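Participant: sharing a model prediction with you, sequence too.
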Amino acid sequence: MGISIWQLLIVLGIVILLFGTKKLRNIGSDLGGAIRGFKKSMSDEEEKSAEQQPLEKQNAEQAAQADEKSREKQG
């Protein structure tokens, strides 16, 4: 009892009659641009996190070295 291909074609025809092909084309391009922007921002976030991990590790190592030096001075 699902939706048949004929029902989908009728709905598609009604949508085209209501909005027109030009408006549907504009909606499609806007949607595509939004998806591209989302993917780009996701890849930028992944690059930032990949860059930050070595920096955080380096900062942790520097902090450990500073702690060792301060212990050597005290002891």
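Facilitator: Perfect, I can see it now.

Participant: what about F19, neighbour count?
Facilitator: Residue neighbour count, defined by other C-beta atoms under 10 Å, stands at 13 for F19. To be clear about C-beta, it is placed using only N, CA and C from the backbone, and glycine gets the same treatment.

Participant: any chance of the backbone angles for it?
Facilitator: Geometry field for F19 lists phi and psi as phi -100, psi -30, criterion degrees, to the nearest 10.

Participant: just checking, what packs against the helix or strand bottoming out on mean pLDDT in the chain?
Facilitator: Evaluated with mean pLDDT, DSSP states H and E, the helix-and-strand set of the chain has its lowest mean pLDDT in helix 21-74, which scores a mean of 81. Contacts defined by 3 or more C-beta pairs under 8 Å, 6 or more residues apart in numbering; DSSP states H and E place helix 21-74 against helix 5-19.

Participant: got the contact list for the helix it packs on?
Facilitator: With contacts defined as C-beta atoms under 8 Å, 6 or more residues apart in numbering, helix 5-19 is touched by L24, I27.

Participant: average pLDDT for it?
Facilitator: Mean per-residue pLDDT for helix 5-19: 91.

Participant: by how many degrees do it and helix 21-74 diverge?
Facilitator: If you take axes from the mean of the first three to the mean of the last three C-alpha atoms, to 10 degrees, helix 5-19 sits at 90 degrees to helix 21-74.

Participant: now find how far off-centre helix 5-19 is within its chain.
Facilitator: 32 Å (C-alpha atoms, centre = their mean, to the nearest Å).

Participant: do stretch 38-49 as well
Facilitator: Relative to the centre of its chain, stretch 38-49 is centred 6 Å away, using C-alpha atoms, centre = their mean.

Participant: what's the answer for stretch 66-75, then?
Facilitator: Between the mean C-alpha position of stretch 66-75 and that of its chain there is a distance of 45 Å (C-alpha atoms, centre = their mean).
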